[in-house]
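> only the shape, not the letters, is given here:
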């Protein structure tokens, strides 16, 4: 039997991040100020360091990874590429299925790939405190870990409903020394305003972002860090796909299709963009390669949203970004893949979808857990609910190929494990998971409230 | 900086298990029947397959690992050996600290190393169902996973208090297709007897063992599997130490001291026995190598128990084994390292301790979490409470060496991660963890109730 795990050495950790902007057929649409006018640099510099804003705007193809970041990556990178022999056998498919497993990071997901450099660049810029928001807790715990690595204090505003429902993600952040508060708090103007209206507010990601941004903007020693959507976050995640390419080289294979869960877009970008570079460079193997962003049917940003300027947060505090959106006040149902409950999508991923360079598919919740359980029972690893989306779509393709007799090579980005999501698996087994399909009329109504630009 | 992770290829997964019995200065004391007479083979054959009993009694030094077991090991083995650069720096110690990380298994601990072969050997023997007990759930989840790998039904009797306090370990077992019942149940004579006396019984490991053994003994298609203590379980765990030796070879190093948590003894045995083989073979590097079994001060089996024949379970259903024991009806306090709450110790580890070939140290609970948090904040990984014991003892040695200026090479067996133990970390941070020191008079009283033998 060929190898199960395809491993690299630490010297194979990429030395550069890949910036897809250099290879896009068209330049990205610029972010705009909240009023639709040009974006004010000083407003961004109040919450982000200059070195990160430089990356955010960069058009350089390759951006060097600082050595201290590579050192920290060595705690878990390179992550394994695994051939899913047992899943293939269980499906009886002629396809080869591989998965890149990002759950080996101490935080259990791909999120530290960007948390580590964000902490580093802030430290270098003289910043000793970061604020951030977190929903399910994957980003917050990754930033807490990164704070320990570079000696920064981390304050996390955690959506109140998650704070109480996911106490163990909170414990994890505290173990890594972060302060965690249930948002809305009475520590910020934004929080107090919400509490005045509704003392029992359970919070939302939009409110938590507002609190974190407000605090960062009001303190000179404190910046803000975001876990997805922005260009620099996607950039940092490209270590995933670069490693995967080396791993495919090692076994003389190459994918025909890549499947990744897609919420804000950073893990989809992380695994696919470096293969996009092959395509752009004219690599023959990549010419028919397909990139599949897998999103929840209940939050179908790419498949049912529109491509327009919208706010990144629910309250309209952020700049306007051109992206696929369901409307910034769209309230996704309480599905268990918290990382995919986002009304928008990263501008870069949105542009690629708009230009038909990538594909998207929306899958219903129960079917994703069917796939996750089948994966766990064959490959051992219990996937995070977000990752189950990619597994679902890949299994569907493998079964389709079983019918047609095609023998494709499929790559799944298994973005994290589900150790902190077992309550969701419980609900699945108890038959209590619901499938939500977002109704067209609700989307239409939300889109009518888009900000008017230009 | 030298490598952080020292990795092996799948071809380096050991081909044989190492049986320390072949290298012991004295033959092991035989197990006896519950009445103190010779052990009846047919009673053992009612719950264990012949191929496993053969391993249990074997005196062969090297026992081949069946290829299907090695195939299943490839899902996560070889596990990494990691140089704890950041912990060393934080301690300012001249010591080199390495840890062998067994938390990379899908179940998150070293337990699948034996669950996989136990499931395999039962399958080969024509058995399609296994029963077992579990406390904290690490063993139960490992056997559930192993059942999936070889197509066996798994029924787990989970101590009722854990069933309710650790619902996510239960969910994990169900995700891997196992049936899980809160013990005591009304499905067995043993369970019904307990419930008749106390309908609100919260269960104990002893009761759960009785239920699992009773069911296995009463059904021809069903066997029983145990997760520690017995010779064959320790044997299977020797893949850990064998890999570690190859990994040290790869970097041209060799340990001076090995630290492992010790409850039933299987993870201590797994990492240390293969190094004991070096010692026995006259390897010069191994002549001053020290093996440190780390146990909780609240359950100080080796450090405060006696070496005598005793039952393996609380109710006296098992054969008698010669081992260090605190008395089979010793009730350890509710410490958070559930895997170390065992009144006895494996007969092999006990014999080594009795013959002064290994050392033991007992550490208080709060100090183990101090060490676990320091480890998490430097190395990223949040250790299981059991593993925190070994980390504590190794840090103590590293700090001692800082005083004396000695530069030793220390190896920790990091037996698992703490993702399912975050409630314990919560208690630690809330200042609610207690230190228990077991009083000498209670031990004395328990030891007076030892069974009379010979």
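Received the coordinates, thanks. Note that this is a predicted model, so its numbers are computed, not measured.
> what's in contact with the helix or strand harbouring residue A:155?
Assessed by DSSP states H and E, residue A:155 sits inside strand A:153-159. With contact meaning C-beta atoms under 8 Å, 6 or more residues apart in numbering or on different chains, strand A:153-159 is reached by A:128-135, A:137, A:140, A:143-144, A:146-147, A:169-170, A:173, A:176-183, A:185, A:202-205, A:207-208, A:211-212, A:215. From N, CA and C alone the C-beta is placed, and that goes for glycine too.
> show the pLDDT at the residue in the stretch 101-250 of chain A that chain B sits nearest to.
In the stretch 101-250 of chain A, the residue found nearest to chain B is residue A:106; the distance is 3.2 Å by C-beta to the nearest C-beta. Looking at residue A:106, its pLDDT reads 97.
> next, it: secondary structure please.
coil (DSSP: H, G, I helix; E, B strand; the rest coil).
> wouldn't it be in contact with residue B:383 here?
No - counting by C-beta atoms under 8 Å, residue B:383 is not a contact partner of residue A:106; they are 10.8 Å apart.
> neighbour count: those two, which is higher?
Between residue A:106 and residue B:383, counting by other C-beta atoms under 10 Å in any protein chain shown, residue B:383 is the more crowded of the two (29 against 20).
> what residues does the stretch 251-400 of chain A have near chain B?
Proximity of the stretch 251-400 of chain A to chain B, by C-beta under 8 Å from any C-beta of the partner chain, involves residues A:373, A:376, A:377, A:378, A:379, A:380, A:381, A:382.
> next secondary structure element downstream of the strand holding residue A:155?
Once the chain leaves strand A:153-159, the next helix or strand it forms, by DSSP H and E, is helix A:160-165.
> what comes into contact with that following helix?
Counting contacts by C-beta under 8 Å, 6+ apart, the residues outside helix A:160-165 that touch it are A:134-137, A:169-170, A:180, A:182-184, A:201-203, A:338, A:423.
> hmm, 10 Å instead?
Outside helix A:160-165, the residues that touch it by C-beta atoms under 10 Å, 6 or more residues apart in numbering or on different chains are A:134-137, A:140, A:156-159, A:169-170, A:180-185, A:200-205, A:207-208, A:334, A:338, A:423.
> same question, stretch A:188-198
Under the criterion C-beta under 10 Å, 6+ apart, residues A:131, A:157, A:181-186, A:201, A:203-204, A:206-215, A:218, A:315, A:317 lie in contact with stretch A:188-198.
> the residues you listed in strands, which ones?
Secondary structure assignment (DSSP state E) places A:131, A:157, A:181, A:182, A:183 from the contacts of stretch A:188-198 within strands.
> now, the contacts of stretch A:188-198 that are in helices?
By the criterion of DSSP state H, membership of the contacts of stretch A:188-198 in helices covers A:206, A:207, A:208, A:209, A:210, A:211, A:212, A:213, A:214, A:215, A:218.
> need the contact list for residue A:89.
With C-beta under 10 Å, 6+ apart as the criterion, the residues that contact residue A:89 are residue A:378.
> which helix or which strand is home to it?
Counting by DSSP H and E, the element that carries residue A:89 is helix A:85-91.
> that helix: what's the following helix or strand?
strand A:96-101.
> relative to that following strand, what are the paired strands and their orientations?
Taking DSSP bridges as the criterion, strand A:96-101 sits next to strand A:81-83 (antiparallel), strand A:409-414 (parallel) in its sheet.
> ok, and what's touching the first one?
Read it as strand A:81-83. A:1-8, A:96-101, A:240, A:243-248, A:250-251, A:253, A:379-381, A:411-412, A:414, B:74-76.
> whichever of those end up buried, select them in ChimeraX.
Selection of the buried residues among the contacts of strand A:81-83 in ChimeraX, burial being defined by 16 or more other C-beta atoms under 10 Å in any protein chain shown:
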select /A:3,4,5,6,7,8,96,97,98,99,100,101,240,243,244,245,247,248,253,379,380,381,411,412,414 /B:74,75,76
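> in helices only, show me the contacts of strand A:81-83.
Here DSSP H is the test, and those give A:240, A:243, A:244, A:245, A:246, A:247, A:248, A:250, A:251, A:379 as lying in helices.
> OK, contacts around the fifth one?
Translated: residue A:246. Here residue A:246 is in contact with A:6, A:8, A:12, A:14, A:78, A:81, A:274 (criterion: C-beta under 10 Å, 6+ apart).
> any idea how many residues pack against the third one?
A total of 15 residues lie near residue A:12 under the criterion other C-beta under 10 Å.
> repeat that for the last one.
A count of neighbours around residue A:274, defined by other C-beta under 10 Å, yields 23.
> now whichever residue of the stretch 301-450 of chain A sits closest to chain B: phi and psi?
Scanning the stretch 301-450 of chain A for proximity to chain B using C-beta to the nearest C-beta identifies residue A:380 as nearest, at 3.3 Å. Here is the backbone geometry of residue A:380 (degrees, to the nearest 10): phi 90, psi -50.
> just checking, it touches residue B:106?
Yes - between residue A:380 and residue B:106 there is a contact under C-beta atoms under 10 Å: 3.3 Å.
> quick one, which of the strands paired with strand A:96-101 is nearest to residue A:24?
strand A:409-414 (21.1 Å; C-beta to C-beta).
> state the mean pLDDT of that closest one.
If you average the per-residue pLDDT over strand A:409-414, you get 98.
> do stretch A:17-27 as well
The average pLDDT for stretch A:17-27 rounds to 97.
> if you count neighbours, what's buried in it?
In terms of neighbour count (16+ other C-beta under 10 Å), stretch A:17-27 has its buried residues at A:17, A:18, A:19, A:20, A:21, A:24.
> and if you look at stretch A:311-326?
The neighbour-count criterion (16+ other C-beta under 10 Å) identifies A:311-315, A:317-326 as the buried residues of stretch A:311-326.
> what bits of the stretch 251-400 of chain A have low per-residue confidence?
For the stretch 251-400 of chain A, no stretch is flagged by pLDDT under 70.
> rerun that using 90 as the cut-off
Scanning the stretch 251-400 of chain A for pLDDT under 90 picks out the ranges A:312-318, A:328-343.
> ok, for the residue nearest the centre of chain A, nearest residue in space, not its chain neighbours?
With the centre of chain A defined as its mean C-alpha position, the nearest residue by C-alpha atoms, centre = their mean is residue A:266, 3.8 Å away. Nearest in space to residue A:266, with sequence neighbours left out and distances taken as C-beta to C-beta, 6 or more residues apart in numbering or on different chains, is residue A:228 at 4.2 Å.
> element containing the one you found, please.
Judged by DSSP H and E, residue A:228 forms part of no helix or strand.
> local confidence estimate at it?
Among the per-residue scores, residue A:228 shows a pLDDT of 92.
> quick one: the helices in the stretch 1-150 of chain A?
With DSSP state H, counting those that start in this stretch as the definition, the stretch 1-150 of chain A shows helices at residue ranges A:41-45, A:50-57, A:67-73, A:85-91, A:112-124, A:138-150.
> buried set for the fourth one?
Spelled out, it's helix A:85-91. A:85, A:86, A:87, A:88, A:91.
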